[in-house]
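Undergrad: give the three-dimensional model of this entry:
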Amino acid sequence: MQRRRHLDQTRSLKDRLATFANEALDKASHLPPGPERDELLKRARRAETASHIDEWANSPALQQPNRMLGRNQ
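TA: Below is the predicted model of the structure:
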């Protein structure tokens, strides 16, 4: 069986997504309007959204539900 390579990340997901988004926005700002620029802008927005979702999912305010919906305990 082939083993997967395991990498220990040195930077948080939030930092990596922010770096990617900033680099994509920078590259897009140097391109003329067109499909390549649109794709970079779309990928930057997705990275920013993923960063916000990661922040929300790891926030201390997010709590595990007490019970399953539709079932009484």
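Undergrad: tell me the buried residues in stretch 2-22?
TA: 17, 20, 21 (16 or more other Cβ atoms under 10 Å). All C-beta atoms are positioned from the backbone trio N, CA, C, and that covers glycine.
Undergrad: could you dump the residues you listed to JSON lines with secondary structure and distance to residue 45?
TA: Formatted as JSON lines, those follow (DSSP: H, G, I helix; E, B strand; the rest coil; distance: Cβ to Cβ, whole Å):
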{"residue": "17", "secondary structure": "helix", "distance to residue 45": "11"}
{"residue": "20", "secondary structure": "helix", "distance to residue 45": "11"}
{"residue": "21", "secondary structure": "helix", "distance to residue 45": "8"}
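Undergrad: now for the chain: which helix has the highest residue count?
TA: Counting by DSSP state H, the longest helix found in the chain is helix 35-57.
Undergrad: hmm, back to that, JSON lines please, covering the buried residues of stretch 2-22 and showing distance to residue 61 and pLDDT.
TA: Formatted as JSON lines, the buried residues of stretch 2-22 follow (distance: Cβ to Cβ, whole Å; pLDDT from 0 to 100):
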{"residue": "17", "distance to residue 61": "21", "pLDDT": "94"}
{"residue": "20", "distance to residue 61": "26", "pLDDT": "96"}
{"residue": "21", "distance to residue 61": "24", "pLDDT": "96"}
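Undergrad: tell me how far residue 10 lies from residue 42.
TA: Computed as Cβ to Cβ, to the nearest Å, the residue 10 to residue 42 distance reads 28 Å.
Undergrad: give the contact list for residue 43.
TA: 20, 24 (Cβ atoms under 8 Å, 6 or more residues apart in numbering).
Undergrad: pLDDT score for it?
TA: Looking at residue 43, its pLDDT reads 97.
Undergrad: and for the one 10 residues further on?
TA: What the model reports as pLDDT for residue 53 is 90.
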